[in-house]
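**Q** Have a look at this prediction, sequence included:
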Amino acid sequence: MTHNPYSPPKSAVTISSEAVSPRPISVWLLVLLLLAVDIICATGMTRFLLFIASRFSEVAIGIGLLVAIGWRIAVIAALLVLIAGIMARRQWGRWLGLLAISGLVVYCVLAPDTTVYANSAERAGGFAGRLVFLPLLLGWLAYAFGFSGKSKRYFVRRPNEALSQPHTADPV
């Protein structure tokens, strides 16, 4: 058998057949949003603890104070675990990310608007932005993060599962 001069050289590098899908932009956007919320919560927690420390002699340490501190620590830890789950391509990270987006929409709609507007046009613009455009934008983010083809490929636990499943058309 003769050597084929056009064949590639033998290499120790192996190419895996498991193609890993890159992170979609929606995943990066949600992770950055959750990091921003986590930083804001951590800043609030720090300020709360500094306030307690500055008035430590006047503060009565009781169950209410411990619950307030524990609640803040739990929120910060839950956000960090959620970010880790999303970055590790876990299915629970996908569903909890959608739950976080839903909670943000509910908060934006139900939170009292304490903004002082100069006139009724600004008030109408603030109303439309808070109750129409922001929920629509977060709805798009929820779709892109949880239900688009890119995100479904990203959150597949084993990349071969996505390749082995046949594509079926939706019945019309």
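**A** Here it is on my side, so go on. Residues are numbered from 1 along each chain as shown.
**Q** Show me which helix or strand of the protein is least confident by mean pLDDT.
**A** Ranked by mean pLDDT, DSSP states H and E, the helix or strand of the chain with the weakest confidence is helix 159-164, at a mean of 49.
**Q** contacting residues for the residue nearest the centre of the chain?
**A** The residue lying closest to the centre of the chain (C-alpha atoms, centre = their mean) is L30, at 3.6 Å. For L30, the residues meeting the contact criterion (C-beta atoms under 8 Å, 6 or more residues apart in numbering) are I86, G97, A100, I101, L141, F145. Glycine gets a C-beta too; all of them are placed from N, C-alpha and C.
**Q** how about a cut-off of 6 Å?
**A** In this structure, L30 makes contact with G97, F145, judged by C-beta atoms under 6 Å, 6 or more residues apart in numbering.
**Q** so how far is A88 from it?
**A** L30 sits at a distance of 14 Å from A88 (criterion: C-beta to C-beta, to the nearest Å).
**Q** Next: L33.
**A** Per C-beta to C-beta, L33 is found 18 Å from A88.
**Q** These two: who's more crowded?
**A** Neighbour totals were compared for L33 and A88, and L33 leads with 16 against 9 (other C-beta atoms under 10 Å).
**Q** helix or strand for that one, which one?
**A** Assigned by DSSP states H and E, L33 belongs to helix 25-54.
**Q** Quick check: buried residues in that helix?
**A** Using 16 or more other C-beta atoms under 10 Å as the burial criterion, the residues of helix 25-54 that qualify are S26, V27, L30, V31, L33, L34, D38, C41, A42, M45.
**Q** Any chance of a markdown table for those residues, columns distance to T114?
**A** Below are those laid out as a markdown table (distance: C-beta to C-beta, whole Å):
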| residue | distance to T114 |
| --- | --- |
| S26 | 31 |
| V27 | 33 |
| L30 | 27 |
| V31 | 29 |
| L33 | 22 |
| L34 | 25 |
| D38 | 24 |
| C41 | 20 |
| A42 | 24 |
| M45 | 22 |
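**Q** just to revisit the earlier point, which secondary structure elements does the helix or strand following the helix holding L33 contact?
**A** Per DSSP H and E, helix 25-54 leads on to helix 63-87 as the next helix or strand towards the C-terminus. Using 3 or more C-beta pairs under 6 Å, 6 or more residues apart in numbering; DSSP states H and E, the elements in contact with helix 63-87 are helix 25-54, helix 91-110.
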